[in-house]
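Peer 1: the following comprises the amino acid sequence and a computationally predicted model.
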Amino acid sequence: MSSQKSRPVVSVVRSEGHYKGTENALRVIEDRIEESLMGKRGLVVKPNFVSTSRQLAATHVDSVRAVLDTITKYYKGGIIIAEGPALGSLGSGLSNFGYSQLEDEYGVEFVDLNSDGYRVLRGVDRRMEPLEFRVSRTILDSDFLISVVRPKTHDCVVVTLTIKNVVVGSLVSKREKEKIHQGMRGINLNLAGLAERLMPDLGVVDGYLGMEGRGPTSGDPVELRVSAASLHPVSLDAVMAKIMGFEPLDIGYLYYLNERGVGVAELNGIEVLGTPIDEVGVRFRPHPRIEEQLKWR
């Protein structure tokens with residue numbers, strides 16, 4: 001998993017489509033990606049299927065194709081696409097969103113994280129007492145983990161991007177996913193704490209079309225037309241939050257990760273390559289519960 005010891009660099013580009021935007025964002029940091037893939041085995045790609053019936057709530061398959069086309073230039077081993085949907089079955093999501101054909105196109109293997117083997121990691125409950133979580137062995141054992149998402153507002157933690165995708169998706173079973181909700185402070189502490197063991201090695205945000213309002217499943221589309229990528233997911237999520245109109249350090253889990261030195265969420269400590277943030281920002285309408293969400297402090 002990512003150590004994030006080097007200066008964080010985030011690629012931001014204008015996007016004219018799910019595939020092309022993702023491809024262009026990756027191209028900006030492709031030399032860094034090539035170096036990071038050297039000697040890697042056991043690569044896992046984690047898309048986001050909160051719902052398996054609504055495309056806007058899920059990662060578009062063409063952004064995953066762009067990721068696969070980029071990494072397979074430098075990586076020749078096995079590739080797992082792993083997901084554990086919150087609503088619906090993995091099989092229905094793979095079929096509904098066009099992922100099934102990736103098996104023939106790229107030789108990928110699909111793993112349902114909701115029924116995966118697991119290890120136990122600790123978080124906290126509402127009283128800040130220890131709480132155990134069953135976490136996917138496939139994700140924990142991956143040698144190179146890629147999180148691919150679309151930018152969405154969220155009903156508990158303001159925004160959901162590359163880090164939250166992995167942490168919640170890695171919880172084995174839908175009951176475990178529900179258990180992470182331990183009040184506004186608890187959920188942010190759990191996301192940050194689990195992310196220290198589950199941090200993606202590469203984060204990709206396909207922001208050609210995002211979701212605002214009642215995310216992560218029932219919100220409205222936003223034509224953001226921006227894609228971003230980074231080997232530093234904390235910084236990537238901070239930059240994307242700002243592009244969406246939110247202050248990164250107002251988002252509890254990003255604040256905690258920044259404070260713990262796991263990554264950099266302070267914008268003045270991040271190098272943005274490609275297009276400056278202030279040239280591509282689109283203010284997303286927050287979830288109606290935004291005031292409550294900010295009470296995590």
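Peer 2: Done, it's in.
Peer 1: helix or strand: which one has residue 24?
Peer 2: helix 18-28 (DSSP states H and E).
Peer 1: which residues touch that helix?
Peer 2: Outside helix 18-28, the residues within contact range by CB atoms under 8 Å, 6 or more residues apart in numbering are 11-15, 33, 60, 62-63, 65-67, 69-70, 148, 204-209, 225-229, 273-274. The C-beta positions use only the backbone N, C-alpha and C, and glycine is treated the same way.
Peer 1: show me how far that helix is from its chain's centre.
Peer 2: Offset of helix 18-28 from its chain centre (CA atoms, centre = their mean, to the nearest Å): 16 Å.
Peer 1: average pLDDT for that helix, rounded please.
Peer 2: When pLDDT is averaged over helix 18-28, the result is 98.
Peer 1: ok, stretch 108-123 next?
Peer 2: On average, stretch 108-123 scores 97.
Peer 1: ends of that stretch, how far apart?
Peer 2: 32 Å (CA to CA, to the nearest Å).
Peer 1: quick one: the helices in the stretch 51-200 of the chain?
Peer 2: Under the criterion DSSP state H, counting those that start in this stretch, helices of the stretch 51-200 of the chain are mapped to 61-71, 90-96, 102-106, 137-141, 162-169, 174-179, 183-198.
Peer 1: ranking those helices by burial, who's on top?
Peer 2: helix 162-169 (a mean of 27; mean count of other CB atoms under 10 Å).
Peer 1: now the farthest one out in this protein, which residue is it?
Peer 2: Here the centre of the chain is the reference, and by CA atoms, centre = their mean the most remote residue is residue 127, at 27.6 Å.
Peer 1: could you list the low-pLDDT ranges of this structure?
Peer 2: Applying pLDDT under 70 to the chain flags the ranges 1-6.
Peer 1: how about a cut-off of 90?
Peer 2: 1-7, 86-87 (pLDDT under 90).
Peer 1: residues in contact with the most centrally placed residue in it?
Peer 2: Residue closest to the mean C-alpha point of the chain, counted by CA atoms, centre = their mean, is residue 162 at 1.6 Å. Contacts for residue 162 (CB under 8 Å, 6+ apart) come out as 147, 148, 149, 200, 203, 204, 205, 233, 236, 237.
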